[in-house]
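# Quick one: sequence plus predicted model below, questions after.
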Protein chains: 4
Amino acid sequence: ALPLAVIAGPCQLESRDHALEVAFALKEIAERRGFGLVFKTSFDKANRTSLSSERGIGLKEALPIFAEIRARTGLPVLTDVHEREQCAPVAEVVDVLQIPAFLCRQTDLLVAAAETGRAVNVKKGQFLAPWDMKNVVAKLTGAGNSRVLTTERGVSFGYNTLVSDMRALPIMAEIGAPVIFDATHSVQQPGGRGGTSGGERRFVETLARAAVAVGVAGVFIETHPDPDHAPSDGPNMVPLKDFERLVATLQAFDAVAKAA
Amino acid sequence: ALPLAVIAGPCQLESRDHALEVAFALKEIAERRGFGLVFKTSFDKANRTSLSSERGIGLKEALPIFAEIRARTGLPVLTDVHEREQCAPVAEVVDVLQIPAFLCRQTDLLVAAAETGRAVNVKKGQFLAPWDMKNVVAKLTGAGNSRVLTTERGVSFGYNTLVSDMRALPIMAEIGAPVIFDATHSVQQPGGRGGTSGGERRFVETLARAAVAVGVAGVFIETHPDPDHAPSDGPNMVPLKDFERLVATLQAFDAVAKAA
Amino acid sequence: ALPLAVIAGPCQLESRDHALEVAFALKEIAERRGFGLVFKTSFDKANRTSLSSERGIGLKEALPIFAEIRARTGLPVLTDVHEREQCAPVAEVVDVLQIPAFLCRQTDLLVAAAETGRAVNVKKGQFLAPWDMKNVVAKLTGAGNSRVLTTERGVSFGYNTLVSDMRALPIMAEIGAPVIFDATHSVQQPGGRGGTSGGERRFVETLARAAVAVGVAGVFIETHPDPDHAPSDGPNMVPLKDFERLVATLQAFDAVAKAA
Amino acid sequence: ALPLAVIAGPCQLESRDHALEVAFALKEIAERRGFGLVFKTSFDKANRTSLSSERGIGLKEALPIFAEIRARTGLPVLTDVHEREQCAPVAEVVDVLQIPAFLCRQTDLLVAAAETGRAVNVKKGQFLAPWDMKNVVAKLTGAGNSRVLTTERGVSFGYNTLVSDMRALPIMAEIGAPVIFDATHSVQQPGGRGGTSGGERRFVETLARAAVAVGVAGVFIETHPDPDHAPSDGPNMVPLKDFERLVATLQAFDAVAKAA
């Protein structure tokens, strides 16, 4: 198996300068530590808890920024799409289209993403069993795209809580697509703060270690220079200054996992 | 409180003739039993388990049929929308736009539905706590539409299973919008048959009785002349021949509930 | 089906006088409303959250009080047993032995309770599926006692929360033993207050209505003249002054349910 | 932190010869691999799904066998107790008394176990949140015994399924007692085979790897020369021939975890 890859970046594309700054910082870490890095950021948070929550800069403004990040850093870029029409223009400037968990069964969106020919990373819905992802993957491959990744990001467990079932990782791996563990959204407490979602950053490492020891192709970890002032997912993003140590630890577990 | 209303019809709009036949049959029952009826059917099943599952006849073919059902039966019509662009054209021919559970947090879809001015029935996501629906409703009212209904349709409970928490009904009622109990999808076993969702029709009445005794504005019950040969939700639709007796029972409970 | 029976009383046997006072008050209500009443109270709370929580007056002191309540009120009496050795002495002074939910799979306790020849009410564990109760009932009937009742009291749903699955009632009824719905412990929030369990009294009626509409042999409702100062289960006991109205409402639903 | 300890042995004490054979085999592996080993076996399976399931050889026959295993192998021995009266005699011949998960809130049993002065390993109930274990531990320490271990063995997740929440491990560790991960019972499917519990042996390693990477004091793994013919927990016991390789893998993860 290939060594652990990392999908990382700030939850939201706050501005061109901010995104470039984080992308270059992550690139430097990735080169120093020798891991494959995909830069992730979102141009629109389309399902925020509240109408008044920050949505992001939007598709039109984001497209040239994605292109610039890719050109200047040389990093592959991943972003999420929410509507069919977004797939084609986004695919021109990013390497991986991501399907949000709530939308993982929306056939038209999956097909539109698949038809771009880009790699598609589809997150497992919080309401889905791991074996149900084979139907989701089949919608993508049935549309002619075999460059598929699947991502575990927790499953509903009572109200306002997710749990990460580590058995889901080998079950999803049997489908054949590389499996990513999203350590950021797995520690989310959906709606847990009333008008916004909460989260417990201290468990990002806990769950990431567990997943890497079980064996995954990659981890998804949102990071930010100042998470406590980030416009979204602040409670579960890792401070950028802690990112390198975290990934180094995960690499050590990955080495054992892939030798075992 | 007003007496129990009923949202009913076949899951999928199979054809003009089929829809009209069921609509007239339901109208007759509603008149005989004296309950308010909204006719429901879907022009597109946008999130089927498999790519190969029947999707429905599509928006364009459906619009004139909705108009005809409304004109000829005099019944208000409800259908679900999946993309922003569908809201305006659909709103011209139906009375209630319904937001599917998986999409209940998609801000743009909610706003587009709200802006049509039509009543909007939003289903609670299987991943949502009942108190979280206040944020969903606020997205609709914040877009200037106060004609909102909320629907309980079960919450994730382990894998491939939903449970109906009856406490959700009074909690959702506190938000202020009328609460509907969807007795059809609450008995669904999502993904429970591998390539399709299963369901347990025998519990439709169980859960509907419970919800009506707790107190709801209406129930949502899909019905079909021949559910075992229906293209979707067959395992949880009620045979049309059993529909009248079922509603009569629920009306008896409703009378007690609303007198108590 | 027989009309709804009620198992009621204060959670804990606080003193002879307190128990007699509540028993006589309930007897009067039962006679006025015409329902079968079983008086319930516990001599020991053997699984309190904390070591420092009030345990109760103990077996030895309780036995003559049970005898006196039975003799003076003429009511059948129910209490719960926690250890094998308690079954025989308790069976001499009460009519129904109750097996607590946590202990519903302890074979020796079940057999000892069954062998007294008294009726045995076994609560479904919070960790058990409704169909699993057939194995529990078989342990009792296999020990030669067919006077068995089963009680639904909620199932684990995430942390510190229970949910009442109304489908459990008909599933348990298929086993053949009368099914009771425990509306008091179903609204418990286990461990929800840190050192004690919480609860939401306002949902006792919600869940009891639902269960009665679905159809049960009886309901179990703890009641107390002053729940907020009771030594246990205060947050989920119904004030004695509200008890009659609550049961009257449930009787109205029961009449519809058993006519349907 | 100390290196990973292992609690292992056959689920049931089938016979003196069988127990000794497995104990010596495990001792040899432990010496070769250099890990601390506690030998585990049960003299009574007091909560089997069915009355007809094998219970075990019983307390009286088991006591001299425990003594002999301890004397001849030099291994510390652990067994589970189900009733107060068992604690004192069992404590004379074993080193660790274990409280079964269903019984983890039974105050009298906890106190009786604590009063023996032996170490007590208490399993977290399938119905308990990890933070609730502080109340359980306090019952033991409040009875004067600070030699306490806590064990995670999965939490109820829908019907007939457990899930292992890896966040529970650091939460339980904060209580102060060493935390064990029970990889055998965490893969159990309670009642999942109708009359017996099922299990998925293939996930023992999955979950054990995850737990060790998160960081635990020890793992609990039942093993048997021929699990498919074992009288209990066969579907989730590891074949003895695979045990050494499994522990070696876990030791490699433990080394990384405790260096991190």
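Nice, thanks for sending it over.
# going forward, measure contacts and count neighbours with C-alpha atoms only.
Fine.
# Could you list every helix and strand in contact with the helix of greatest length in chain A?
If you go by DSSP state H, chain A has its longest helix at helix A:240-259. Helices and strands touching helix A:240-259, as assessed by 3 or more CA pairs under 8 Å, 6 or more residues apart in numbering or on different chains; DSSP states H and E, comprise helix A:202-214, strand A:218-224, helix D:240-259.
# touching chain B at all, stretch A:199-208?
No: figure legend: stretch A:199-208 not in contact with chain B (CA under 8 Å from any CA of the partner chain); closest approach 15.6 Å.
# same deal with stretch A:51-61?
Yes: counting by CA under 8 Å from any CA, contacts between stretch A:51-61 and chain B involve residue A:51.
# Mind listing residues that contact that stretch?
Here stretch A:51-61 makes contact (CA atoms under 8 Å, 6 or more residues apart in numbering or on different chains) with A:12-15, A:42-46, A:48, A:86, A:231-232, B:107, B:135, B:138-139, B:142.
# first to last residue in that stretch, what's the distance?
Terminal residues of stretch A:51-61 lie 21 Å apart, using CA to CA, to the nearest Å.
# List the buried residues in it.
Neighbour counts using 16 or more other CA atoms under 10 Å in any protein chain shown place A:51, A:55-57 of stretch A:51-61 among the buried residues.
# of the residues you listed, closest to chain D?
Using CA to the nearest CA, residue A:55 is the member of the buried residues of stretch A:51-61 that lies nearest chain D, at 30.3 Å.
# quick one, phi psi at the closest one?
Per-residue torsions, residue A:55: phi -100, psi -30 (degrees, to the nearest 10).
# Could I get the contacting residues of the closest residue to residue A:136 other than its chain neighbours?
The shortest distance from residue A:136 to any non-neighbouring residue, by CA to CA, 6 or more residues apart in numbering or on different chains, is to residue A:105 (6.4 Å). Each residue near residue A:105 by CA under 8 Å, 6+ apart is listed here: A:136, B:46-49.
# For the residues you listed, work out which two are farthest apart.
A:136 and B:46 (12.8 Å; CA to CA).
# Drop anything exposed from the contacts of stretch A:51-61.
Here, 16+ other CA under 10 Å leaves A:12-14, A:42-46, A:48, A:86, A:231-232, B:107, B:135, B:138-139, B:142 buried among those.
# coming back round to it: just send the helices and strands packed on helix A:240-259 back as CSV, with mean pLDDT too.
As requested, these are exported to CSV (pLDDT from 0 to 100):
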stretch, mean pLDDT
helix A:202-214, 97
strand A:218-224, 97
helix D:240-259, 98
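# Mean neighbour count added to these, as JSON lines?
Output for the helices and strands packed on helix A:240-259, formatted as JSON lines (neighbours: other CA atoms under 10 Å in any protein chain shown):
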{"stretch": "helix A:202-214", "mean neighbour count": "26"}
{"stretch": "strand A:218-224", "mean neighbour count": "26"}
{"stretch": "helix D:240-259", "mean neighbour count": "18"}
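# Figure out which of these is closest to residue C:213.
helix A:202-214 (43.6 Å).
# Next, the angle from the closest one to helix D:202-214.
For helix A:202-214 against helix D:202-214, the angle by axes from the mean of the first three to the mean of the last three CA atoms, to 10 degrees is 130 degrees.
# Measure how buried residue A:32 is and give me the count.
Residue A:32 is flanked by 10 other residues according to other CA atoms under 10 Å in any protein chain shown.
# actually residue A:74, not the one I wrote
For residue A:74, the neighbour count with other CA under 10 Å is 12.
# With the one 4 residues further on instead?
For residue A:78, the count of nearby residues is 26 (other CA under 10 Å).
# Max pairwise distance over the buried residues of stretch A:51-61: which two?
A:51 and A:57 (15.3 Å).
# Can you tell me which of the contacts of residue A:105 is nearest residue C:178?
Distance to residue C:178, by CA to CA, is smallest for residue B:49 among the contacts of residue A:105, at 39.1 Å.
# and chain A, which of its residues are near chain D?
A:157, A:163-167, A:203, A:206-207, A:209-214, A:249, A:252-253, A:256, A:260.
# how about 6 Å then?
Residues of chain A that fall close to chain D, judged by CA under 6 Å from any CA of the partner chain: A:206, A:209-210, A:213-214.
# Kindly calculate the angle that the strand or helix carrying residue A:18 makes with strand A:218-224.
In the assignment (DSSP states H and E), residue A:18 maps to helix A:16-33. Going by the same axes, to 10 degrees, helix A:16-33 is angled at 130 degrees with respect to strand A:218-224.
# Can you show me the CA trace of the next helix-or-strand element following helix A:16-33 as CSV?
Moving toward the C-terminus from helix A:16-33, the next helix or strand (DSSP H and E) is strand A:37-40. This file holds the C-alpha atoms of strand A:37-40, laid out as CSV (Å, rounded to 0.1, in the frame of the first residue of the first chain):
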residue,chain,number,x,y,z
LEU,A,37,-0.6,16.5,0.0
VAL,A,38,-3.9,17.6,-1.5
PHE,A,39,-4.9,21.2,-0.7
LYS,A,40,-8.6,21.5,0.4
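# What helices and strands are in contact with strand A:37-40?
Packing partners of strand A:37-40 (3 or more CA pairs under 6 Å, 6 or more residues apart in numbering or on different chains; DSSP states H and E): strand A:5-9, strand A:77-80.
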